[in-house]
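Visitor: predicted coordinates and the sequence they were generated for:
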Amino acid sequence: MTNAGVFVVQTVFGLYLMLVVIRFMLQLAKADFYNPLAQAVVKLTQPFIGPLQKVMPKTGRFSLATLVLGFLVQLLIIVLVLFIAGFGLPNPVSLAIWSLIGLGSQVLDLLFFAILASIVLSWLAPQTNHPGAYLLQQLTEPVMAPARRMLPNLGGLDFSPILVFIIINLLNMLVIQSLAQSFGMPRGLVMGL
C-alpha cells in the first residue's frame with residue numbers, strides 16, 4: 001500500500017510540477033506564449049502562480065512566483081512521500097535543500113526529454129508546423145545554439161544534442177546526485193534520483 005501511495009503522489013504532483021517547470025523554462029527561453037500548448041500550460045498553472053505573482057516581483061526573464069511554486073510543489077511531494085512511507089520530517093533546512101535538488105533534477109530531466117523529442121520529431125516530420133514541435137524548438141534552442149557553435153559543421157549532421165546530453169548527464173551525476181548524497185537525501189524520495 002505504501003508503494004502505491006508514493007507512486008500516486010509522485011505521479012500526480014510530479015505531473016503538475018512538470019507543468020510548472022515547463023512554464024519556468026518557457027519564460028527563460030522567451031517562448032511564444034500565444035502557442036496553444038503554452039496557453040494550456042499557463043491556464044493549468046495560473047491558479048496557483050497568480051496569487052504568488054501579486055506578492056513576488058518579476059525579475060528579468062522570468063517570474064519568481066513560478067520558481068517559488070515549483071519549489072513548494074516539490075516540497076509538498078517530499079513531505080507527502082515521507083509521511084506515506086512512515087518517516088518523520090527532517091529539519092526544515094534539509095527539506096528546503098532536498099526540494100531545490102529535486103527541482104534541479106526536474107529541470108535537467110525535462111530538458112533531456114525535450115531535446116530527445118525534438119530529435120525524434122526532426123526525423124519523423126522534419127518540416128512540421130505543429131505547435132508542439134515549435135514549442136520544443138523554442139524550449140531547447142537556448143541550450144542547443146551554444147552547443148552548435150562549439151562543434152564544427154559536419155555537412156548537415158548535427159552532433160550538438162550528443163554534447164548537450166553529455167553535459168546534462170555530467171550535471172546530473174556530479175552536481176545533483178552528489179548534492180543529494182551530501183545532504184542525506186533518501187533514494188527514491190524524488191522521481192529520477
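Guide: Cool, the structure landed.

Visitor: give the rounded mean pLDDT of the lengthiest helix in the chain.
Guide: For the chain, the longest helix by residue count, based on DSSP state H, is helix 92-124. Helix 92-124 shows a mean pLDDT of 93.

Visitor: now that helix: buried residues?
Guide: For helix 92-124, burial by neighbour count (16 or more other Cβ atoms under 10 Å) applies to 95, 97-112, 114-115, 118-119, 121-122. To be clear about C-beta, it is placed using only N, CA and C from the backbone, and glycine gets the same treatment.

Visitor: quick one: the helices in this structure?
Guide: 2-28, 36-55, 64-85, 92-124, 131-150, 160-171, 178-182.

Visitor: what sits up against the shortest one?
Guide: Contacts of helix 178-182 from elsewhere in the structure, counted by Cβ atoms under 8 Å, 6 or more residues apart in numbering, are 97, 98, 101, 104, 185, 190, 193.

Visitor: how about the residue nearest the centre of the chain, what does it touch?
Guide: The chain has residue 107 as the residue nearest its centroid, 2.8 Å off, counting by Cα atoms, centre = their mean. Contacts for residue 107 (Cβ under 8 Å, 6+ apart) come out as 21, 24, 25.

Visitor: JSON lines please, covering those and showing distance to residue 128 and neighbour count.
Guide: Putting the contacts of residue 107 into JSON lines (distance: Cβ to Cβ, whole Å; neighbours: other Cβ atoms under 10 Å) gives the following:
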{"residue": "21", "distance to residue 128": "24", "neighbour count": "24"}
{"residue": "24", "distance to residue 128": "26", "neighbour count": "25"}
{"residue": "25", "distance to residue 128": "21", "neighbour count": "22"}
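
Visitor: looking at these, which is nearest residue 77?
Guide: Nearest to residue 77, judged by Cβ to Cβ, of the contacts of residue 107 is residue 21 at 12.6 Å.

Visitor: hmm, who's touching stretch 4-13?
Guide: 73, 76, 77, 80, 81, 84, 85, 188, 191.
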